[in-house]
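[1] Turn this into a model:
(one chain, ligands or ions: 2)
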Amino acid sequence: MIVHLNKDTSREEAEMLAEKYEAALLESERMILVTSAKVKEPQGALKDATHEFFVTDTDIQLASKQYMKSKRQVNIGELVIGGSSNNSVVITGPCSVESEEQIEASAKLCVELGVKVFRAGAYKPRTSPYTFQGMGLAGLKLLDKMRSKYGLKIITEVRDSTHVDEIIEYADIIQIGAKSMYDHGILRKCGKTNKPVLLKRGFGTTLQEFVQSAEFILSGGNPNVMLCERGIRTFETKTRFTLDLCGAAWLKEYTNLPVILDPSHAIGYAYGVPDLARACMAMGVDGLLIETHPNPKVAQSDAEQQLNFEQFRDLYQSLKKVAEAVGKKVV
Ligand code: PEP
Ligand code: MN
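    Residues are numbered from 1 along each chain as shown. Ligands and ions are numbered 1, 2, ... in the order given. Next up is the predicted model:
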């Protein structure tokens, strides 16, 4: 249950109520308590302090349409994602920052096409400890250089909670990777900032678990959360993962968070990315994340799925048409 407290409730009183009713406390225009969804009505002292309350079926609460019918808006500077906009943000860049030359070539592709949000990982949460782990802080500084040189917005992933502050400093969006979806150190730290967060779905998690992870960030006080479906593990082995478009439809219908789809990590092979990306765009989502590399063959991570620049240029033009057909605008 979400309880909006009376305007005259003091912080001290709100903290006391939060403790008594085992609720999360967050502050926006007024103080808000979030108890378990099992509680269906304010009682006792809580009742006296209640301005209005919202009941949800499950612990998908702050992210649910039962609480907030309209889609939340996330602002990346002047760029609007979600809300009442019809924007669909196409995010591209390589899987990893590998060198200044590579990252600059990739940044220039964005400038050429008018892509505003540039992605690349500096801290890579790899499946094997014996593969390239990312350039770390040096990689972040290269991204920052591209940000100031070309005016791009940067999204990059956090591998553990000790990186959150660095990512806040050097990037515009914090990406929480699929393998970190359950990392409470990261989730809680991201709840304490206002920096936009892109939360990727763990590949072995249900939609309920996914959105409940987002609840940790929202209930920590950060409303700027976007969800990213990037493929789940099924019995199928011909493709890397299975993109859960049914899940994406569910997220659009039942949550108030912007939804971004990542066809690259889902299929894992470049040949299928353009078709899949167009299918994603046709769903009318708030954005796509597509990996590109100046020379995918030599990429240090996710080599098989990254599009070369020619492939991306073609795809980008066709995405604009698909977007238009479903009332969206590529930004
Ligand atoms: C990535 O975006 O490069 C990445 C590692 O994605 P995921 O967390 O979805 O595997
Ligand atoms: Mn990748």
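
[2] Leaving out sequence neighbours, find the closest residue to residue 155.
    The spatially closest residue to residue 155, leaving aside those adjacent along the chain, is residue 173, at 3.9 Å (C-beta to C-beta, 6 or more residues apart in numbering). The way it works is simple: take the backbone N, C-alpha and C, and place the C-beta from them, glycine included.

[3] The residue of the chain found nearest ligand 1: neighbour count?
    With C-beta to the nearest ligand atom as the measure, residue 177 is the residue of the chain nearest to ligand 1, at 3.0 Å. Using other C-beta atoms under 10 Å, residue 177 has 22 neighbouring residues.

[4] For this structure, give the helix that spans the most residues.
    Identified as the longest helix of the chain according to DSSP state H is helix 309-325.

[5] about what we covered before: my guess is the residue nearest to residue 155 meets residue 193, correct?
    No - here residue 173 lies out of contact with residue 193, judged by C-beta atoms under 8 Å, at a distance of 11.5 Å.

[6] What about this structure, which residue is the most distant from its middle?
    Most distant from the centre of the chain: residue 44, at 38.3 Å, with distances by C-alpha atoms, centre = their mean.

[7] give me the element residue 111 is part of.
    Following DSSP states H and E, one finds residue 111 within helix 100-113.

[8] what about that helix, near ligand 1?
    No - using C-beta under 6 Å from any ligand atom, helix 100-113 stays clear of ligand 1, with a minimum separation of 13.3 Å.

[9] Contacts for that helix next, please.
    Residues from elsewhere that reach helix 100-113, judged by C-beta atoms under 8 Å, 6 or more residues apart in numbering: 92-94, 97, 115-116, 118, 120, 142-143, 145-146, 149-150, 152, 292-294, 309, 312-313, 316.

[10] At the geometric centre of this protein, which residue sits there?
    What sits nearest the mean C-alpha location of the chain, by C-alpha atoms, centre = their mean, is residue 198, with 1.7 Å.

[11] That one against residue 172, yeah?
    No - using C-beta under 8 Å, residue 198 makes no contact with residue 172, being 10.6 Å away.

[12] which residues do the two both contact?
    By C-beta under 8 Å, 6+ apart, residue 198 and residue 172 have these common neighbours: residue 155.

[13] ok, residue 210 - contacts?
    Residues near residue 210 by C-beta under 8 Å, 6+ apart: 181, 199, 201, 202, 227.

[14] I'd like the residues you listed written out as CSV, with secondary structure added.
    Formatted as CSV, the contacts of residue 210 follow (DSSP: H, G, I helix; E, B strand; the rest coil):
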residue, secondary structure
181, coil
199, strand
201, coil
202, coil
227, strand
